[in-house]
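**Q** Here's a sequence, model it:
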Amino acid sequence: AGRTWVEAGEMQVPREAPHLVLLGDGRVLAVGDDGAGSEWNEWGIFCGAPDSSVVAELWDPATGTWATTAPLTTPRALETAVPLADGRALVTAGATAGSQEWEVGGYQSYSSTWIFDPRTESWMKSGLLETARTAPVGAVLPDGRILVAGGFFADFFRWDDYPQLAGEERPGYVACPRLQG
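**A** Next up, the predicted model:
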């Protein structure tokens, strides 16, 4: 009743499906791009994280603006991001960037976990998942622990290792875009 939308600024990097986390200081962290900005082939098959997925941004409610902050160390898509009780954010799992040498899928699942600290605007590594996974969900449990569940494991092999199989003769052959230049 009487509620309206207000302008909230423009992100520095266009994103179709980012992960957003409310930080303890009231700002919002945006990471990733799991939508059309990711590397998808013409058949709608995911081929890896785009280079731009390393860009992290903060939205400040006091100014209504977005600003870039420390980037993730490597491209990552289809990850999960959750708030921590101490005001930081945890980002884990996901998919690596595709490789110009790989064709089917061309990416691997991550097990690495990173924590963003809004006080220092920096990332620190924080352990590994027992099983690397792509596209999981994450939830904060009542005792503060983080549950990461679901998703799938991907570790696509390189077709270059199998020269006897060429082009359309390859079982399950689906070409992913190759990097140019």
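
**Q** quick one, longest strand in the protein?
**A** Longest strand in the chain by number of residues (criterion: DSSP state E): strand 122-133.

**Q** Spatially nearest residue to the residue nearest the centre of the chain (excluding sequence neighbours)?
**A** Closest to where the C-alpha atoms of the chain average out (CA atoms, centre = their mean) is residue 77, at 2.8 Å. In space, and not counting its chain neighbours, residue 77 is closest to residue 49: 3.6 Å by CB to CB, 6 or more residues apart in numbering. (Glycine included, C-beta is placed from N, CA and C.)

**Q** burial count for that neighbour?
**A** Neighbour count of residue 49, defined by other CB atoms under 10 Å: 29.

**Q** Just to be sure, it is in a helix?
**A** No - per DSSP: H, G, I helix; E, B strand; the rest coil, residue 49 lies outside any helix segment and is coil.

**Q** what's the longest strand of the chain in contact with?
**A** Contacts of strand 122-133 with the rest of the structure, by CB atoms under 8 Å, 6 or more residues apart in numbering, involve 70, 72-73, 90, 92-93, 108-117, 148, 150-153, 155.

**Q** low-scoring pLDDT stretches of the protein, where are they?
**A** 1, 34-46, 99-106, 156-181 (pLDDT under 70).

**Q** quick one: contacts for residue 154?
**A** 95, 105, 107-109, 134.

**Q** ugh, typo on my part, it should be residue 32
**A** Here residue 32 is in contact with 15, 17-19, 49, 53, 76-79, 81, 91, 94 (CB under 8 Å, 6+ apart).

**Q** looking at the residues you listed, which has the most residues close by?
**A** Using other CB under 10 Å as the neighbour criterion, residue 94 leads the contacts of residue 32 with 31 neighbours.

**Q** So what's the residue count around residue 71?
**A** Residue 71 has 15 neighbours, counted by other CB under 10 Å.

**Q** Cool, thanks, talk later.
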